[in-house]
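In: Requesting a structural model of the entry that follows:
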Amino acid sequence: MIVEGFLDYMAVTPNYQRHGLGKKISEVSFEKFKSDIPDATGLLMEIQREDVPNLPERESNVRKNRIRFYMMLGAKILERVRYLIPPIQYGIEPEEMYLMMYV
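Out: Presented below is the predicted three-dimensional model:
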């Protein structure tokens, strides 16, 4: 049986960023997930892509940093998975995202 978790959203307010808080919250979350469900395949996360056409450079850099952050913690991008998140409003195209997994 395959059992997976899904981390929907996590953020640290800008005043508290770059102090290790996000890393600690992530590590505790991952450890709690693994201890509660020891036979789980992994924890999935949907992460916005950084290579979107016409994306402002600042936003692209924020997304690159987010991807690096999760990779530093051991998460991997599922390279051969095309993952689309449905639009929240009619008339907007689905957004292609990275699907990452922490095992």
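In: mind checking the SS state of the residue nearest to residue 25 when sequence neighbours are not counted?
Out: Ranked by CB to CB, 6 or more residues apart in numbering and with sequence neighbours excluded, the top spatial neighbour of residue 25 is residue 10, at 6.6 Å. (C-beta placed from N, C-alpha, C; glycine too.) State at residue 10, reduced to three classes by DSSP: H, G, I helix; E, B strand; the rest coil: coil.
In: Now do the strands in this structure.
Out: 4-7, 42-48, 76-77, 83-85, 95-102 (DSSP state E).
In: Contacts for the last one, please.
Out: What that stands for is strand 95-102. 4, 7, 30, 41-49, 67, 70-71, 73-78, 81-85, 87 (CB atoms under 8 Å, 6 or more residues apart in numbering).
In: which of these count as buried?
Out: Buried members of those, scored by 16 or more other CB atoms under 10 Å, are 7, 30, 42-49, 67, 70, 75, 77, 83.
In: Show the contacting residues for the residue nearest to residue 48 when sequence neighbours are not counted.
Out: Counting by CB to CB, 6+ apart, residue 48 lies nearest to residue 63, which is 5.2 Å off, once chain neighbours are set aside. Counting by CB under 8 Å, 6+ apart, residue 63 makes contact with 47, 48, 49, 50, 55.
In: In terms of pLDDT, where does the third one sit?
Out: The model reports residue 49 with a pLDDT of 92.
In: ok now do it, which residues does it touch?
Out: With the criterion set at CB under 8 Å, 6+ apart, residue 49 makes contact with 63, 96, 97, 98.
In: Pull the number of nearby residues for residue 61.
Out: 12 (other CB atoms under 10 Å).
In: so who does it touch?
Out: Residue 61 neighbours (CB under 8 Å, 6+ apart): residue 50.
In: Let me know the distance separating it from residue 101.
Out: 24 Å (CB to CB, to the nearest Å).
In: One more: residue 90?
Out: 31 Å.
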